[in-house]
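> show me the folded form of this:
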Amino acid sequence: MIKLNRNIKGGKPMRKLYSVLIICLSGILFPFCSSAQDEVFPTKDAIWNIYIPERGAMVTSHYYGFVGDTVFDALSYRKLYLLKDSVLRENPENVYVGGVRVSGKKVYMRPTDTATGKLLEEFLMYDFSAKVGDEVFGGMRPMVWGCTFENLTGSDIKNTKLQVFDVRDSELGREFGVDLKFESAEGYCESEGSDTWIEGVGSLLGLFLPPSSIPTGKQKWIDMAYGQRSALMCLKVGDKIRYKDPGCEECMEVLNVSENVVIPVTVLQVGNRRLSIQSSENNLPLRFELLSLSGQIMQSQIIREAESHIELRVIPGIYLYRLIGDKVYKSDKIVVR
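Numbers count the residues shown, from 1 in each chain. So this is what the prediction gives:
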């Protein structure tokens, strides 16, 4: 028989125990209370506003964001696009840049040559677990300064490693100072440039561009000559601005908005094994595919009606679906129970 401890007076120790349990459970039951900086890298509802210089002049904003999912070598990636405008949505004029995935504190990218469609090797974008003095091997990284990876040759892709020389806490999150070195015939050469990473934001140069000197302020960019580097001007996640350069006047200017906008396709899961798909007739026909995480097509059919229902005939698990048409490409994860 278990005896109760009668030395507990007024129930105070029990109240303390309940308080501890509530605090511990709150982190499980209410994870949305944690700060945005607890996120290693945003892969949903995020748009980066990046300035990239070209010959002799400063160019306007380039917007990048994630739309949909894909699978390479049994690994799931978010699809990164160079957006036609500053609105995060499906648009046939968006340019696919590559897939991005997060594993623990590391962020990887699998780029695609936009001119040839060739899938390039995965490289390490960020390692937010690194400490001062660590050497982080980045893999075969494209050394390009354009908006996308285009017409790359062997000399454009180099085996790289990053040297972490500073780690500190800031209001935005943990900041990392890194130097880039690339492999040559003599081994890894001296630093090619430096960069600042912010956990929950990414590079202050802008996503996938190689490190270099980082200027800040919009006017500085306007006055720069050719040869200077890009900069992250703003990052918006959902309806909140997570990062904004001091020289950025407006985070997401609504400009050059394309008129060639796809009427959205709505996909709803009804129960555990049924999808409801609603689309404009202008988007039809659509091809529906259900894929395993290894990329194998498990189910496929043509949709010819504006409102359709699809029964999922697969074993329980996590899958990717995609809808493909002349004006539509939509994909996402789905759990079948």
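> Ile50 reaches Gly65, doesn't it?
No. The pair formed by Ile50 and Gly65 falls short of the contact definition of CB atoms under 8 Å, at 11.1 Å. Every C-beta, even on glycine, is put in place using the N, C-alpha and C of the backbone.
> for Gly271, give me phi and psi.
The phi/psi pair for Gly271 (degrees, to the nearest 10) reads phi 70, psi -150.
> what segments of the chain are helices?
Shown for the chain, the helices assigned by DSSP state H span residues 12-29, 218-223.
> grab the nearest non-local neighbour of the spatially most central residue of the chain.
The chain has Thr43 as the residue nearest its centroid, 3.5 Å off, counting by CA atoms, centre = their mean. With sequence-adjacent residues excluded and distances taken as CB to CB, 6 or more residues apart in numbering, Thr43 is closest to Arg78, at 4.4 Å.
> what number of residues lie near that neighbour?
Burial measure for Arg78: 20 neighbouring residues, criterion other CB atoms under 10 Å.
> what residues are bridge-paired with it?
Beta bridges link Arg78 to Asp69, Val100 when assigned by DSSP bridges.
> how about Leu172, nearest residue that isn't a chain neighbour?
Among residues not flanking Leu172 along the chain, Ile198 sits closest, at 5.2 Å (CB to CB, 6+ apart).
> so the one you found sits right up against Glu175, yeah?
Yes. Using CB under 8 Å, Ile198 makes contact with Glu175 at a distance of 5.4 Å.
> so which of these two has more stuff around it?
Neighbours were counted for Ile198 and for Glu175 using other CB under 10 Å; Ile198 has more, 21 against 17.
> quick one, what contacts that one?
Residues counted as contacts of Ile198 (CB atoms under 8 Å, 6 or more residues apart in numbering) are Ser170, Leu172, Gly173, Arg174, Glu175, Phe176, Leu204, Tyr243.
> filter these to the buried ones?
Buried members of these, counted by 16 or more other CB atoms under 10 Å: Gly173, Glu175, Phe176, Leu204, Tyr243.
> quick check, the fourth one in contact with Leu232.
Think Leu204. Yes. Assessed by CB under 8 Å, Leu204 is found in contact with Leu232 at 5.1 Å.
> what does the pLDDT read for the nearest residue to Ser292 once chain neighbours are set aside?
Among residues not flanking Ser292 along the chain, Met298 sits closest, at 5.7 Å (CB to CB, 6+ apart). We have a pLDDT of 91 for Met298.
> what count of nearby residues applies to Met298?
Residues lying near Met298 (other CB under 10 Å) number 17.
> correct me, but Asp69 touches Arg78?
Yes. Applying CB under 8 Å, one finds Asp69 in contact with Arg78, separated by 6.0 Å.
> adding pLDDT and distance to Asn283, write the contacts of Ile198 out as CSV.
Shown next, in CSV, are the contacts of Ile198 (pLDDT from 0 to 100; distance: CB to CB, whole Å):
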residue, pLDDT, distance to Asn283
Ser170, 89, 45
Leu172, 86, 40
Gly173, 87, 40
Arg174, 93, 43
Glu175, 94, 44
Phe176, 95, 44
Leu204, 87, 39
Tyr243, 91, 35
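> the residue nearest to Leu291 when sequence neighbours are not counted and Val336, how far apart?
Excluding its sequence neighbours, the residue lying closest to Leu291 (CB to CB, 6+ apart) is Leu320, at 4.6 Å. Remark: distance between Leu320 and Val336 (CB to CB, to the nearest Å) = 11 Å.
> higher neighbour count, those two?
Set Leu320 next to Val336 and count neighbours by other CB under 10 Å: Leu320 wins out with 20 against 17.
> per-residue pLDDT, that one?
In this model, Leu320 is scored at 82, pLDDT.
> so what's it up against?
Contacts of Leu320 (CB under 8 Å, 6+ apart): Asp69, Thr70, Val71, Ser76, Leu290, Leu291, Ser292, Leu293, Ser331, Asp332, Lys333, Ile334.
> likewise Leu286?
Contacts of Leu286 (CB under 8 Å, 6+ apart): Val265, Ile277, Ser279, Ile302, Ile303, Leu323, Ile324, Gly325, Val328.
> tell me the one of those residues nearest Ile157?
Lowest distance from Ile157 to the contacts of Leu286 (CB to CB) belongs to Ile324, with 29.8 Å.
> list the contacts of the closest one.
Contacts for Ile324 (CB under 8 Å, 6+ apart) come out as Leu286, Arg287, Glu289.
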